[in-house]
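Student: coordinates for the following, if possible.
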Amino acid sequence: MSEIAPYSADRSLRGKLRRRLVRLVERRPAKRKPGRPTVSFSFDDAPATAAVEGRAALEAHGLRGTYFVSVGLAGRTGPMGLNAEREALMEAAAAGHELACHTFSHLDCGQADRQTIAADVARNAAALSDWGAAPATTFAYPYGDVSLAAKQALGGRYDLLRGLHHGLIEAGTDLNQAPAVGIEGPDGEAIAMSWIDLAVERGAWLILYTHDVIETPSPFGCTPATLNGLIDHALTRNAEIVTVAEGARRLVG
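Tutor: Numbers count the residues shown, from 1 in each chain. Okay, the predicted model is just below:
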């Protein structure tokens with residue numbers, strides 16, 4: 001299969017303003033806060049290393065995580081290395097990890113129209129079903145790029161739609177554009193640690209995300225040691241660690 005070409009979402013001032021302003025519309029506020037401090041660990045695009053090292057780190061603690069899967073990327077090589085194939089991801093699902101939606105083609109939902117977004121998501125749902133996966137109940141916008149069209153197309157389909165802007169999930173948080181914090185870059189571990197502490201202090205839910213999990217990660221990934229350290233820190237602070245689907249279910253169920 002062809003290699004995935006690098007791509008960057010719109011980082012212009014116009015794009016940044018759009019992502020910020022769209023937070024004000026098509027909102028679906030969480031009706032309550034989590035019952036206790038909660039943390040979720042998620043992996044975007046499902047690199048093969050995340051399906052091995054990320055899974056191993058969580059399972060070593062008896063925990064499970066969430067893989068936001070773009071089926072069209074499966075088995076292809078991109079900026080975060082080789083992406084996991086069906087077998088590895090279905091093994092993770094059989095072990096209790098969540099397979100969630102990330103569009104089929106890793107579509108930029110900030111640029112596409114409503115019909116294109118809905119069709120690409122439906123294609124991903126059909127492909128996951130063909131794999132034998134359970135229907136996805138949560139979604140992450142590729143590149144964190146969001147538009148009014150995207151929120152309108154997907155807001156009624158999933159329990160939670162996750163963006164990339166930093167924040168915690170509490171009563172009133174928009175579940176159509178939920179915040180998250182990345183475990184990436186040289187300061188990723190320290191930033192994630194501080195957000196775990198804040199989630200504990202406020203009794204809130206924090207979604208963490210990364211991509212590849214390897215000793216020499218891409219700028220968008222982390223090392224196994226970093227991931228293990230953050231899991232240990234969350235547990236030491238008495239935070240409950242759940243999949244994104246479980247966290248969302250507690251807010252909407």
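Student: endpoints of stretch 100-108, how far apart?
Tutor: 17 Å (CA to CA, to the nearest Å).
Student: send me stretch 160-167 as PDB with only the CA atoms.
Tutor: Extracted C-alpha coordinates of stretch 160-167, given in PDB (Å, rounded to 0.1, in the frame of the first residue of the first chain):
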ATOM      1  CA  LEU A 160     -18.600  12.000  22.700                       C
ATOM      2  CA  LEU A 161     -16.600  13.900  20.000                       C
ATOM      3  CA  ARG A 162     -13.100  14.700  21.000                       C
ATOM      4  CA  GLY A 163     -11.000  17.700  19.900                       C
ATOM      5  CA  LEU A 164      -7.400  18.600  20.800                       C
ATOM      6  CA  HIS A 165      -7.800  21.800  22.800                       C
ATOM      7  CA  HIS A 166      -6.600  21.500  26.400                       C
ATOM      8  CA  GLY A 167      -9.100  21.100  29.200                       C
END
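Student: can you pull out the strands in the stretch 1-150 of the chain?
Tutor: Ranges of strands in the stretch 1-150 of the chain, per DSSP state E, counting those that start in this stretch, are 38-44, 66-69, 77-78, 81-82, 98-101, 138-140.
Student: hey, least reliable of these by pLDDT?
Tutor: Within the strands of the stretch 1-150 of the chain, the stretch with the lowest mean pLDDT is strand 77-78, showing a mean of 92.
Student: before we move on, back to that, wait, which of the strands of the stretch 1-150 of the chain is closest to E189?
Tutor: Ranking the strands of the stretch 1-150 of the chain by proximity to E189 (CB to CB) places strand 38-44 first, at 13.0 Å. C-beta: built from backbone N, CA, C; applies to glycine.
Student: partner strands of that closest one, parallel or antiparallel?
Tutor: Within its sheet, strand 38-44 is paired with strand 66-69 (parallel), strand 205-210 (parallel), strand 240-241 (parallel), according to DSSP bridges.
Student: let me have these in a markdown table, extended by distance to Q115 and mean neighbour count.
Tutor: A markdown table is the format used below for the strands paired with strand 38-44 (distance: least, CB to CB, whole Å; neighbours: other CB atoms under 10 Å):
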| stretch | distance to Q115 | mean neighbour count |
| --- | --- | --- |
| strand 66-69 | 22 | 28 |
| strand 205-210 | 28 | 27 |
| strand 240-241 | 38 | 20 |
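Student: what lies in contact with the helix or strand of the chain with the lowest mean pLDDT?
Tutor: In the chain, no helix or strand scores lower on mean pLDDT, DSSP states H and E than helix 13-21, which sits at a mean of 80. The set of residues external to helix 13-21 that reach it, using CB atoms under 8 Å, 6 or more residues apart in numbering, is 9-10, 110, 144-147, 163, 165.
Student: just the buried residues of it, please?
Tutor: Neighbour counts over helix 13-21 (16 or more other CB atoms under 10 Å) mark 18-19 as buried.
Student: can you show me the CA trace of that helix as PDB?
Tutor: What follows is helix 13-21, C-alpha atoms only, in PDB (Å, rounded to 0.1, in the frame of the first residue of the first chain):
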ATOM      1  CA  LEU A  13      -5.300  32.700  12.000                       C
ATOM      2  CA  ARG A  14      -8.500  32.000  10.200                       C
ATOM      3  CA  GLY A  15      -8.300  28.300  11.000                       C
ATOM      4  CA  LYS A  16      -7.500  29.000  14.700                       C
ATOM      5  CA  LEU A  17     -10.400  31.400  15.000                       C
ATOM      6  CA  ARG A  18     -12.800  28.900  13.300                       C
ATOM      7  CA  ARG A  19     -11.800  26.200  15.800                       C
ATOM      8  CA  ARG A  20     -12.200  28.500  18.700                       C
ATOM      9  CA  LEU A  21     -15.500  30.100  17.600                       C
END
